[in-house]
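>>> below: sequence and its predicted model.
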Amino acid sequence: MKALQTLSQTKLQQMELVGLSRETVTDIEKSGVELLTTDIPLQRYVKDVKDNVDPFEVATRNPDKDPYTEILQQKDRLRDRAFSRFGRKLHYYEFDEDPAKRAAYNNLFPLWRLHRDIPHLNPKNQTNATDNFLNDSAKEPYASAIVTLTMTPELDGISNTNNGYRASEEDSRALKAVEETSEGKELRRKLQNANKTLFNYIYTLANAYSDNAEWDKLLTAVNVVRKRYHELLSHREGQKGEDDKPKKLIPKTGGNKII
């Protein structure tokens, strides 16, 4: 009995699935077998793959713009301004005539110096870094200094804008998850099913008509493509296995070398 080369379509990345589909259709059509003009189901199954691969590739290459992109950028700017207001007000007290306020400034400035570059971080990293700043500001002597310098409103501004950014970021992730489920996954499912139907049809007919050279030629053509992507997956799994292996430390003068 003739075999169909094993291949798990579900493990292929998006553009790999596109490649598998296009190469399969190309090699089938290049085979030049008469069945392409006489076998109606074969024509339909080849057309189904063609019809499904184009919208899937378009969706993969040109995903819809995230409507939250501009919102996140705006909320990140608001957070940066809140940091700026905090820093400017703090520096106002550096030479204050009130000794208590100068002392509060001296207590609070080391915390500010540690965290003042947060606005220059990647926006996602900035959220966690801001949380750390807020947690530190609740400790002594910083908390008392903030109260003495009446900077609670500025600190609240940082907290509120950070939470606002976080909430929009969570909304953006939720929207993407819905879009992937409702569109991208559905397009992929249709393409995988079209491929599966075509593969199984050729495999079944090649075994049903084992003495027909044309069905054998088509099965060979799809097996060549399937083998190519099977080997791609095997290579990737092998690389992943190597990456997951624990590294050995070999003592060497000047430090340890990881191999």
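Structure's in. What do you need?

>>> low pLDDT regions in this protein?
Low-confidence segments of the chain, defined by pLDDT under 70: 62-68, 175-182, 239-259.

>>> all strands for it, in order.
249-252, 255-258 (DSSP state E).

>>> what sits against Leu232?
Glu16 (Cβ atoms under 8 Å, 6 or more residues apart in numbering). Any C-beta I mention is one placed from the backbone N, CA and C, and that applies to glycine too.

>>> next one: Tyr142
107-108, 111, 136.

>>> can you tell me how far it is from Thr26?
Look at Tyr142 and Thr26: by Cβ to Cβ, to the nearest Å, they are 66 Å apart.

>>> same check, this time on Asn162
Applying Cβ to Cβ to Asn162 and Thr26 gives a distance of 52 Å.

>>> who has more neighbours out of these two?
Asn162 (25 against 12; other Cβ atoms under 10 Å).

>>> the more buried one touches Thr127, doesn't it?
Yes: using Cβ atoms under 8 Å, Asn162 is in contact with Thr127, at 6.2 Å.

>>> picking up where we left off before, could I get the contacts of Tyr142 as CSV with neighbour count and distance to Pro119?
Output for these, formatted as CSV (neighbours: other Cβ atoms under 10 Å; distance: Cβ to Cβ, whole Å):
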residue, neighbour count, distance to Pro119
Asn107, 18, 23
Leu108, 23, 18
Leu111, 18, 16
Asp136, 13, 16
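
>>> narrow those to those in helices?
107-108, 111, 136 (DSSP state H).

>>> what is the neighbour count of Glu70?
Glu70 has 10 neighbours, counted by other Cβ under 10 Å.

>>> dihedrals phi and psi, Ser31?
phi -60, psi -30 (degrees, to the nearest 10).
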